[in-house]
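**Student:** Sequence first, then the predicted structure, then my questions.
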Amino acid sequence: MRPNHSRIFLATLLLSLCTTAAQAENWPHWRGPKFDGISTEKNLPVEWSKDKNVAWKVDLPGPAGASPVVWGDRVFVTSVDEQDLVLLCIGTDGKQKWRRVVGKGNKTSRGDEGNSASPSPTTDGKHVWSMMGNGDIACYDMDGKEVWKMHLPDRYGKFKIAFGMSSSPVQHDGRLYVQLIHGDGKAETQEAMVVALNSLTGEEVWKRDRVTGASRENEHSYASPILYDFDGETFLLTHGADYTIAHRLNDGTEIFRLEGLNPQKGGKKEYHPTLRFVSSPGIAPGLIVVPTAKNFPTFAIKADGKGSIGPSSKSFLWEYEKTPDVPTPVIHNGLVYLCMANGNLHCLDVKTGEEIYAERTNRIRHRSSPVLANGRLYLTGRDGKVTVVKTGRKFEVLAVNEIGDDVSASPAFANGTIYLRSFGALWAIRKK
């Protein structure tokens with residue numbers, strides 16, 4: 001080629017590669033790229049079954065509720081193999097690339113509800129971090145080489161939490177944030193904390209005691225921290241022990257806390273001694289939707305608050321009488337979607353909290369959090385049935401898909417594929 005033709009060819013090739021990269025979305029965290037449960041993927045299947053639109057299925061060594069995360073041609077998922085707590089790297093072609101033992105000593109909780117492989121891994125495309133419910137935590141490069149490993153209770157004290165530490169870590173800008181909300185049930189003993197670790201060394205950057213008045217099981221949180229990162233505002237949200245608290249990333253200091261999630265005596269409800277949180281806050285630009293548990297409410301606040309936030313605060317928007325309990329809310333196009341633990345879907349107006357509809361879907365336990373993509377909500381039941389609902393103010397079920405295996409993990413969406421982790425396998429679901 002002549003020189004000018006060569007330059008044109010290279011420019012065209014680079015543009016093509018960049019366009020392809022822009023279209024291919026990674027799923028580096030259990031709630032996706034923006035921690036909001038929303039995917040920008042378009043060419044996703046609406047219908048599938050055990051043998052329809054299944055690109056591949058890889059058997060896993062044991063059950064777990066950890067969600068898969070995806071970067072490029074690699075899918076990472078944690079599992080148990082008898083007493084081994086393992087991190088698996090599976091190629092997007094369905095072939096295992098490597099397997100590492102992060103720790104040992106599996107414990108199940110509440111029958112089939114969880115085990116020590118409940119926390120989800122996280123990746124930045126250069127490294128992957130995996131934490132297990134017993135506190136073993138490790139960093140590997142993308143080829144499985146160990147960078148560092150440690151046992152968190154050796155540094156921060158024994159975990160005192162009824163059903164194991166299920167909170168997933170958050171990786172952002174060279175730091176790994178870990179929420180350790182637990183305790184011995186005595187209000188005067190403060191054992192909960194939030195820590196930031198250097199992502200590449202595991203060294204502590206900062207530690208903040210998470211001081212609350214919680215007691216008994218209220219000291220235990222099974223929710224995962226959420227990174228709020230919109231419109232130039234970035235902070236960490238921790239959820240549990242009666243409060244939702246926003247922390248500055250540089251030193252962990254408190255920006256605001258939402259109060260009234262478990263009113264003390266004299267409030268409109270009696271203090272509930274077993275109100276432990278499982279669902280994490282849902283986020284959108286300028287907005288945070290905060291679930292609670294059991295039959296307590298869901299709250300909405302502005303994301304620009306400072307100090308203590310309660311119903312009389314300027315940052316407080318509304319309160320809705322019901323809460324998802326386990327699945328995390330999704331916010332999109334002026335609507336808030338709450339998938340209840342029983343499978344019912346509630347749609348609310350984002351400004352007022354007014355209920356637009358409350359409809360029944362697959363009436364079974366829902367432990368997975370909903371994911372929104374291309375105008376559709378994907379709701380995963382405990383029996384593995386995924387109900388696909390059209391987004392908008394009118395309720396419409398588009399499909400109900402069944403794979404015949406239990407699921408408690410949230411799905412991952414990347415490169416035109418839905419990665420669904422069941423108790424027995426990792427499934428790659430895509431259009432043929």
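**Tutor:** Nice, thanks for sending it over.
**Student:** remind me which residues of this protein are low pLDDT?
**Tutor:** Within the chain, the segments meeting pLDDT under 70 span 1-24, 265-268.
**Student:** What are the boundaries of the helices in it?
**Tutor:** 3-23, 152-156 (DSSP state H).
**Student:** what packs against the last one?
**Tutor:** So the one you mean is helix 152-156. strand 175-180 (3 or more Cβ pairs under 8 Å, 6 or more residues apart in numbering; DSSP states H and E). All C-beta spots, glycine's among them, are computed from the backbone N, C-alpha and C.
**Student:** Parallel or antiparallel, list what pairs with the strand it packs on.
**Tutor:** With DSSP bridges as the test, strand 175-180 is paired with strand 170-172 (antiparallel), strand 193-198 (antiparallel).
**Student:** Now tell me what touches it from outside.
**Tutor:** 122, 129, 131, 137, 139, 152, 156, 159, 165, 167, 169-171, 192-199, 205, 221, 223-225, 227, 236, 238-240, 249 (Cβ atoms under 8 Å, 6 or more residues apart in numbering).
**Student:** residue contacts, Gly133?
**Tutor:** Contacts of Gly133 (Cβ under 8 Å, 6+ apart): Lys107, Gly114, Asn115, Ser116, Ala117, Ser118, Pro119, Gly164, Met165, Ser166.
**Student:** Of the residues you listed, just the buried ones, PyMOL syntax please.
**Tutor:** Buried residues within the contacts of Gly133, by 16 or more other Cβ atoms under 10 Å, are selected in PyMOL with:
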select buried, resi 114+115+116+117+118+119+164+165+166
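**Student:** residues in contact with Met371?
**Tutor:** No Met there; residue 371 is Val. Contacts of Val371 (Cβ under 8 Å, 6+ apart): Gly32, Gly37, Ile38, Ser39, Val330, Leu377, Tyr378, Ser410, Pro411, Phe413.
**Student:** could you pull out the strands for the stretch 201-350 of the chain?
**Tutor:** Ranges of strands in the stretch 201-350 of the chain, per DSSP state E, counting those that start in this stretch, are 204-209, 226-230, 233-240, 243-247, 254-258, 282-284, 287-290, 298-302, 307-309, 316-320, 330-332, 335-339, 345-349.
**Student:** Give me the distance between the longest one and the centre of its chain.
**Tutor:** Averaging C-alpha positions (Cα atoms, centre = their mean, to the nearest Å) puts strand 233-240 13 Å from its chain's average.
**Student:** The last one now?
**Tutor:** Relative to the centre of its chain, strand 345-349 is centred 20 Å away, using Cα atoms, centre = their mean.
**Student:** list the buried ones in it?
**Tutor:** Leu345, His346, Cys347, Leu348.
**Student:** Which single one of those residues is nearest to Ser422?
**Tutor:** Using Cβ to Cβ, the shortest approach to Ser422 within the buried residues of strand 345-349 belongs to Leu345, at 21.7 Å.
**Student:** The closest one and Leu335, how far apart?
**Tutor:** Distance check for Leu345 against Leu335: by Cβ to Cβ, to the nearest Å, it reads 11 Å.
**Student:** One more: Phe316?
**Tutor:** Distance of Phe316 to Leu335, computed by Cβ to Cβ: 20 Å.
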